[in-house]
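>>> Predicted model and sequence below, questions to follow.
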Amino acid sequence: MKENLLKQKGSSIALLPSLLTTMSLFSGFYSIVASLEGDFVRAAIALIIAAIFDGLDGRVARLTKTTSHFGMEYDSLSDLVSFGVAPGLLAYLWAMQPFGRYGWLAAFLYVATTALRLARFNSRIEETPKNMFIGLPCPAAAMVIATSVLFYNFIGFSGSKANLLILMIVYLLSYLMVSNHHYNSFKVIPQARFYILVGMVLALIVIASEPPVTLFILATVYMLSAPLAGAYRFVARKNRKHSENQEYDYNG
């Protein structure tokens, strides 16, 4: 009897988090359909909606204390479709198709690095601090592609230069996802003071004022935040060592 209860408990599925994950998967699949139909703006919006649902499912699971191994695996499989295949196909059909083989190879590299990033995350989930990600999270990478579509459509930027820039961005995103750069996860949110709350309200107003521009800027800033922080720490460490060596030579 006890063993049967344990089996039932182990095989139980949290309905609400799984439903949110399914909505994220549905939005990602819809983005694929829209890309195949040539409606790239609609495909980009669907990716943003998928990211919203993906951000909610884990938080709801933690709040309701219904986290499970099933939920983690289902979320990863959903992420591979919504933030791997969907943005890779969107980038290829929207901007990289003129490059022929080099274009679809870049799209495949993006999908492959998404899968590798998810596999590494799942295998190191116990070792990684909750307040950071190792490598660029795949939803954030997908947001760079999605917001690029919206931003370029907003400003009317197109042509061979725009396509080449997207190709370079896809290669950069592929590298960042499997890199060792540390990104803030925002999973652990400290108790905010009043001025922080006011700042968040102002940030929402700025985002709502011109979403194609502000969302693109936010996605790009987050993408570059870890490499720039790493470069800053490297330069600071080199300068500190140089200063210590100079001080040692002077004293000597």
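All right, it came through fine.

>>> For whichever strand or helix holds residue 59, list every residue counted as buried.
In this assignment (DSSP states H and E), residue 59 forms part of helix 40-63. Residues of helix 40-63 classed as buried under the neighbour-count rule (16 or more other C-beta atoms under 10 Å) are 40, 42-51, 53-54, 56-58, 60-61. C-beta here means a position set from N, CA and C on the backbone, and glycine is covered the same way.

>>> Strands along the stretch 101-250 of the chain, start to end?
132-134, 182-184 (DSSP state E, counting those that start in this stretch).

>>> Can you list the strands that the last one pairs with?
According to DSSP bridges, the neighbouring strands of strand 182-184, each with its direction, are strand 132-134 (antiparallel).

>>> Do you have the helices of the stretch 1-150 of the chain handy? List them.
Counting by DSSP state H, counting those that start in this stretch, the stretch 1-150 of the chain has helices at residues 2-11, 15-36, 40-63, 69-80, 86-91, 101-123, 138-155.

>>> Return, as residue ranges, the portions of the stretch 1-150 of the chain with sub-threshold pLDDT.
In the predicted model of the stretch 1-150 of the chain, residues 1-13 satisfy pLDDT under 70.

>>> which helix in the chain runs the most residues?
With secondary structure taken from DSSP state H, the chain has its longest helix at helix 211-251.

>>> Give me the distance from that helix to the chain's centre.
22 Å (C-alpha atoms, centre = their mean, to the nearest Å).

>>> Which strands or helices does that helix pack on?
helix 138-155, helix 160-178, strand 182-184, helix 194-209 (3 or more C-beta pairs under 8 Å, 6 or more residues apart in numbering; DSSP states H and E).

>>> Taking helix 194-209 as reference, get the angle to it.
Using axes from the mean of the first three to the mean of the last three C-alpha atoms, to 10 degrees, the direction of helix 211-251 lies 130 degrees away from that of helix 194-209.

>>> Helix 211-251 versus helix 160-178: what angle between them?
60 degrees.

>>> Kindly provide the distance from the residue nearest to residue 73 when sequence neighbours are not counted to residue 116.
The spatially closest residue to residue 73, leaving aside those adjacent along the chain, is residue 122, at 7.7 Å (C-beta to C-beta, 6 or more residues apart in numbering). Residue 122 is 11 Å from residue 116, where distance means C-beta to C-beta, to the nearest Å.

>>> now swap in residue 104 and tell me
Residue 104 is 18 Å from residue 116, by C-beta to C-beta.

>>> if we can go back for a sec, for the strands of the stretch 101-250 of the chain, give me JSON lines that also has mean neighbour count.
Putting the strands of the stretch 101-250 of the chain into JSON lines (neighbours: other C-beta atoms under 10 Å) gives the following:
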{"stretch": "strand 132-134", "mean neighbour count": "18"}
{"stretch": "strand 182-184", "mean neighbour count": "17"}
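
>>> Redo those strands as a markdown table? Include distance to residue 68.
Below are these laid out as a markdown table (distance: least, C-beta to C-beta, whole Å):
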| stretch | distance to residue 68 |
| --- | --- |
| strand 132-134 | 21 |
| strand 182-184 | 25 |
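
>>> And those strands: which comes nearest residue 230?
Evaluated over the strands of the stretch 101-250 of the chain, closeness to residue 230 peaks at strand 182-184, with 7.8 Å, by C-beta to C-beta.
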